[in-house]
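**Student:** coords please:
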Amino acid sequence: MNSARALDATDARILLALAADPRATVVALAEQLGLSRNTVQARVAKLEQSGALRSFECRITPKALGYPLTAFVTAQVDQRRLADVSQALAEIAEVVEVFGLSGETDLLVRVVAAEAEDLYRIAGQILAIPGIERTNTALAMRELVPHRLTGLLHRATDR
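**Tutor:** A predicted model of the protein is given here:
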């Protein structure tokens, strides 16, 4: 989220309603939440603009696109080349997320792959980026707790 403003209870209620029915229209949301159409429309626009409400792309599973393997690559980076490394990682289609970390490891890179040989290729591509000094790759065996925010949204509605 670009804004430092925390979501209020109304924003959280709108996001909960969208989480339950992502295709809901502004009119349907307004009716369901007891708010005016203009209020819902303005708030959804602000949520999108601030980055609090992400794109539809986040709901697509890599497995559905032919990438059933997920791995996490940790990388140590020459700090003077961090911007270049980040840009190079963004150019690899199989790199789906990159986080900058504190501590001994500089980056956590989430990648997807079609098979083990594909993962090997991707890991090599990452290691070949100028500025990456060392990597370590761990294959995710299964997802135990999927990404979720509804508990936090429910908490936010109580504020």
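
**Student:** all strands for the chain, in order.
**Tutor:** Using DSSP state E, the strands of the chain run over 69-77, 95-100, 107-113, 132-139.

**Student:** longest helix in this structure, by residue count?
**Tutor:** For the chain, the helix reaching the highest residue count under DSSP state H is reported as helix 37-50.

**Student:** flag every buried residue along that one.
**Tutor:** Across helix 37-50, burial judged by 16 or more other Cβ atoms under 10 Å covers 40, 43, 44, 47. For every residue, glycine as well, the C-beta is placed using N, CA and C.

**Student:** give the contact list for the residue lying closest to residue 47 once chain neighbours are set aside.
**Tutor:** Spatially, and ignoring its direct neighbours in sequence, residue 47 is nearest to residue 53 (4.0 Å; Cβ to Cβ, 6 or more residues apart in numbering). The contact partners of residue 53, by Cβ atoms under 8 Å, 6 or more residues apart in numbering, come to 15, 18, 44, 47.

**Student:** got a list of what the last one touches?
**Tutor:** With contact taken as Cβ under 8 Å, 6+ apart, residue 47 is in contact with 7, 11, 14, 15, 53.

**Student:** mind putting the buried residues of helix 37-50 into JSON lines with pLDDT and distance to residue 108?
**Tutor:** JSON lines is the format used below for the buried residues of helix 37-50 (pLDDT from 0 to 100; distance: Cβ to Cβ, whole Å):
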{"residue": "40", "pLDDT": "95", "distance to residue 108": "36"}
{"residue": "43", "pLDDT": "94", "distance to residue 108": "32"}
{"residue": "44", "pLDDT": "93", "distance to residue 108": "31"}
{"residue": "47", "pLDDT": "92", "distance to residue 108": "26"}
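
**Student:** sweet, I'm off.
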